[in-house]
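Peer 1: Here's my sequence, what's the structure:
(2 chains)
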Amino acid sequence: MLMGNTVKAEFVNATKLFKLKLRDSRRGILLALIAMFALVILNGLMVWRGFADSTDTLASQSMFDFSALLLILAPIAIAFIFWQEATGKNSIYPQTSISRFISSQMLSFFLVFAALGIVLVLYLLMSGIFSLVSIWQPNFILGYSFNASFLALGFLAALFFLFMVTTAFSFLAVLVKAFRFYVVIPLIGSILFVLLFPILYASRAMPFLDFLYAPSVLLERSFTYLYLGPQTLVSFLAACLLTSIVLIAVGLILKHFKLDERGADQAQWALAMAYVSCVMVILVVGASSYLGDEVYLYPSSASDVFPQETQTIIIDTPAREGATMQIMALSYHRGSSDDFEMGSGTLGSDFVMTGGSLGGDLSIRYDKGFAFEWLSEDYADSRPVSSGRQVVFEYTPALFDMSSEKLLELTQPALHVSQSKDEFSNNQDLIISHSYEGEGAVLFVPIWSMMGLIRENARNSYPTIEVTVAAE
Amino acid sequence: MNNYAIVAEGLSKRFGKKQVLTDFSFTIDAVGITGLLGRNGSGKTTLMKICAGHITKTSGELKVWGATPLNNLSARSRLVYSSHDVSYSGGLTLGVILADYQLLFPDFDMLFAQKLLDYFTINVNGKYSKASQGVKSLFNFICALAARTPLTMFDEPTLGMDTTVRKAVCEILIREYNEHPRAFVISSHLMSEMESFLDAVMIIDQGNLVLHESVDTMRQKAYQLEGEAEVLNAFIAGRNVIYRTRSELTNLAIIYEAACDQTIIEACAAGLLLKGLSPESLYMYLSRETKGGELACLWETP
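Peer 2: Residues are numbered from 1 along each chain as shown, chains lettered A, B, ... in the order given. Got it, this is the predicted structure:
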């Protein structure tokens, strides 16, 4: 029994109230739907115009990420639902605070589910249209390949995250009303916001806030550990689910024991302030985490397409004193003869190496016998290398950062290393070439930007070229 | 089976520092029509909202159908509280609101509601928010009546209605009560139109329950005496005088106690004019206190 009513009766009542609330929200849902479709069309036209105006050999455009928009809009909508629930006057219809609470949860869950569904539909629509365009126009490339499992997992992750936001916002309303935290909750919200804000900009713009930086980072890291920097999707879903269950359970218990049919007027401003703070916190944290530059937007790494097998070449030791080894490196896009970079370096008679330059970053490390030692990045301090030691060239291809998207995988990069030897001078050339596709219009249609948190960092797997200097 | 729809014992309500209801103890029968009388701000609406489970009480005991109404679905589903300021979500038509009632009140009689709307030629496709105050009041009355809950509470049901509609509403209420007897609680400023069918009356003044009697008892107990001041003073000594005024124009006393035949004979013998009082008149005298004294004083030169 729940306050004299069966749980079933409460649930049935909550379902009826949910139907009413959903009906009342119909106009808002319709407007949001129209607005989102209008944004898609507008965005599509802007992309089209961008391609038309571009003079780059590899033009790149990115469509708007509607899942990112959802991460901003959904918390605002959820806050509004629970603000209305907490500050609304008692209705004429039979209900209890518990059934109202549950019905608001239902509405919020439904709207989140529907919004995610709309985002998915918009994505499929956009992908479908542009796929057809790419068939008709081969130079038009869709940046991200269709990945059904990623879509499903991303949907699940966003759903669980927004469910957690829903339960957190509803719990906030319960706290404010049950304990009359008209001042405390907004104050905590404001402090959270003030603490987190410096993480992004405030300490730079307002130096007097520097002292807040350390606690902000601590807070952000604690939060990150649970929700923003999960190591796996399962841990992320588990954290969201557990938090949601705990918040709903505690919220229901508080609703059961602490009647909150009072203070609707006082709660209006308190809850509004608290929710504004919360939304700001979510935006700040979201901006720095889910939507940040360091987050890859799609779970496919460069390693998926880049040749992974290391290329090993045994270089003969220059037999004659004074002989050198020339390192030649060139980078070009296929089909072009004039658009390439070339750098060179010299592995001298005493195996002194100097660096070369390439479209990308080339680093060189050599085996000292007991450990590898890096040569300095700019190769200014050339170092002797004993013969018979392994020399490893690590090459990081150019990422082609354009519009915050990574074009690397679409360029189909290829690495090749070869060696040539001059019989007379005993000089050697080591040629490292990096070629890539360089013609086309690449369109990224992103989805589930928050999934970038969960995927592996692509930078962990770069191809290497191993060169061993043979023993004399 | 509960004999009482509402049982209150020492019920009080305070909003901040303001005491709105003080120590209310009363019962409302499971079947019958009770009128709630009181001036503006006397606490009628607060009392009804507490009984409807819309707001909390500060102290005391309250049972509606044997249960605390607040946060109690079984109690809430057995009552409807209809006030003149009921608000619905913006833009809803009357037809949609009727459907909502049908969804949430299990005994709601849609056919009856539609017949009543037809009778008053109210268009169900019209929006509630656009309706006049009179139509809103009438629509709320119809909805609450058609809900057929065991306890129906009307707060100022006839507000904004014209005389013709008010009379029709009273007649409908009587007929509905005869067809489906149940507990009704009605607050109104126009008790003269309703006292003919009220079973009991509660009079509230400044947050106090000053009277709760059956209408028949009130009619028997309340009477007015008018006559010369000295004679009147002598006659009313030791009686339950609830109002006394003395001026050049009137010199009267309102007594509230059973007037037996002997009393009537003695009054007539003393040259006093004795008249019975309607519940509404009694209510007027019980709540006639003003800060400024008699009305005539307003035209006196200082």
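
Peer 1: Identify each buried residue in the helix or strand harbouring A:Ala158, please.
Peer 2: Under the criterion of DSSP states H and E, A:Ala158 resides in helix A:148-178. Within helix A:148-178, the residues that qualify as buried are A:150-151, A:153-178, counting by 16 or more other C-beta atoms under 10 Å in any protein chain shown. The way it works is simple: take the backbone N, C-alpha and C, and place the C-beta from them, glycine included.

Peer 1: before we move on, what about stretch A:241-252?
Peer 2: A:243-244, A:247-248, A:251-252.

Peer 1: out of the residues you listed, which one sits closest to chain B?
Peer 2: If you rank the buried residues of stretch A:241-252 by distance to chain B using C-beta to the nearest C-beta, A:Leu252 comes first, at 12.4 Å.

Peer 1: if you skip the residues just before and after it, what's nearest to the closest one?
Peer 2: Nearest non-adjacent residue to A:Leu252, counting by C-beta to C-beta, 6 or more residues apart in numbering or on different chains: A:Ile98, 6.6 Å away.

Peer 1: what do you get for B:Gln133?
Peer 2: B:Gly160 (3.4 Å).

Peer 1: The biggest helix by length in chain A packs against which elements?
Peer 2: When chain A is parsed with DSSP state H, its longest helix is helix A:7-53. Contact partners of helix A:7-53 among helices and strands, from 3 or more C-beta pairs under 8 Å, 6 or more residues apart in numbering or on different chains; DSSP states H and E: strand A:58-62, helix A:66-87, helix A:97-136, strand A:440-444, helix B:73-76, helix B:94-104.

Peer 1: could you redo these as TSV and give each row mean pLDDT, distance to A:Val184 and mean neighbour count?
Peer 2: Listed next are the helices and strands packed on helix A:7-53 as TSV, based on pLDDT from 0 to 100; distance: least, C-beta to C-beta, whole Å; neighbours: other C-beta atoms under 10 Å in any protein chain shown:
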stretch	mean pLDDT	distance to A:Val184	mean neighbour count
strand A:58-62	77	43	21
helix A:66-87	80	15	21
helix A:97-136	89	21	19
strand A:440-444	79	45	23
helix B:73-76	87	31	24
helix B:94-104	92	36	19
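
Peer 1: Determine which of these approaches B:Leu209 most closely.
Peer 2: helix B:73-76 (21.7 Å; C-beta to C-beta).

Peer 1: so after that closest one, what's the next helix or strand?
Peer 2: That would be, after helix B:73-76 and using DSSP H and E, strand B:79-83.

Peer 1: can you list contacts of that next one?
Peer 2: A:92, B:5, B:45, B:48-49, B:51-54, B:64-65, B:69, B:105, B:140-141, B:143-144, B:147, B:149-157 (C-beta atoms under 8 Å, 6 or more residues apart in numbering or on different chains).

Peer 1: Can you list which of those are found in strands?
Peer 2: Counting by DSSP state E, those place B:5, B:64, B:151-155 in strands.

Peer 1: of those residues, buried ones?
Peer 2: B:5, B:64, B:151-155.

Peer 1: and the stretch 51-200 of chain A, which residues reach chain B?
Peer 2: Residues of the stretch 51-200 of chain A found near chain B (C-beta under 8 Å from any C-beta of the partner chain) are A:89-90, A:92-99.

Peer 1: One more pass at 6 Å, please.
Peer 2: By C-beta under 6 Å from any C-beta of the partner chain, the residues of the stretch 51-200 of chain A that approach chain B are A:90, A:92-94, A:96-97.

Peer 1: quick one: which two of the residues you listed are the most distant?
Peer 2: Taking C-beta to C-beta, no two of these sit farther apart than A:Ile92 and A:Ser97, at 15.6 Å.

Peer 1: Leaving out sequence neighbours, find the closest residue to the closest residue to chain A within the stretch 201-302 of chain B.
Peer 2: As assessed by C-beta to the nearest C-beta, chain A sits closest to B:Gly207 within the stretch 201-302 of chain B, at 18.3 Å. Ranked by C-beta to C-beta, 6+ apart and with sequence neighbours excluded, the top spatial neighbour of B:Gly207 is B:Gly43, at 4.6 Å.

Peer 1: can you tell me which residues contact the one you found?
Peer 2: Applying C-beta atoms under 6 Å, 6 or more residues apart in numbering or on different chains to B:Gly43 gives the contacts B:20-21, B:204, B:207.

Peer 1: and if you look at B:Val7?
Peer 2: B:27, B:63.

Peer 1: just to revisit the earlier point, compute the inter-axis angle for the longest helix of chain A and strand A:58-62.
Peer 2: Counting by axes from the mean of the first three to the mean of the last three C-alpha atoms, to 10 degrees, helix A:7-53 lies at 150 degrees to strand A:58-62.

Peer 1: Separate out the buried members of the residues of the stretch 51-200 of chain A next to chain B.
Peer 2: For those, buried by 16+ other C-beta under 10 Å: A:90, A:92-94, A:96-97.

Peer 1: before we move on, back to that, can you tell me how far the residue of the stretch 201-302 of chain B closest to chain A is from B:Ser25?
Peer 2: Relative to B:Ser25, B:Gly207 is positioned 14 Å away (C-beta to C-beta, to the nearest Å).

Peer 1: Same question for B:Leu37.
Peer 2: For B:Leu37, the distance to B:Ser25 - C-beta to C-beta - is 17 Å.

Peer 1: ok, these two, which is more surrounded?
Peer 2: B:Leu37 (28 against 13; other C-beta atoms under 10 Å in any protein chain shown).
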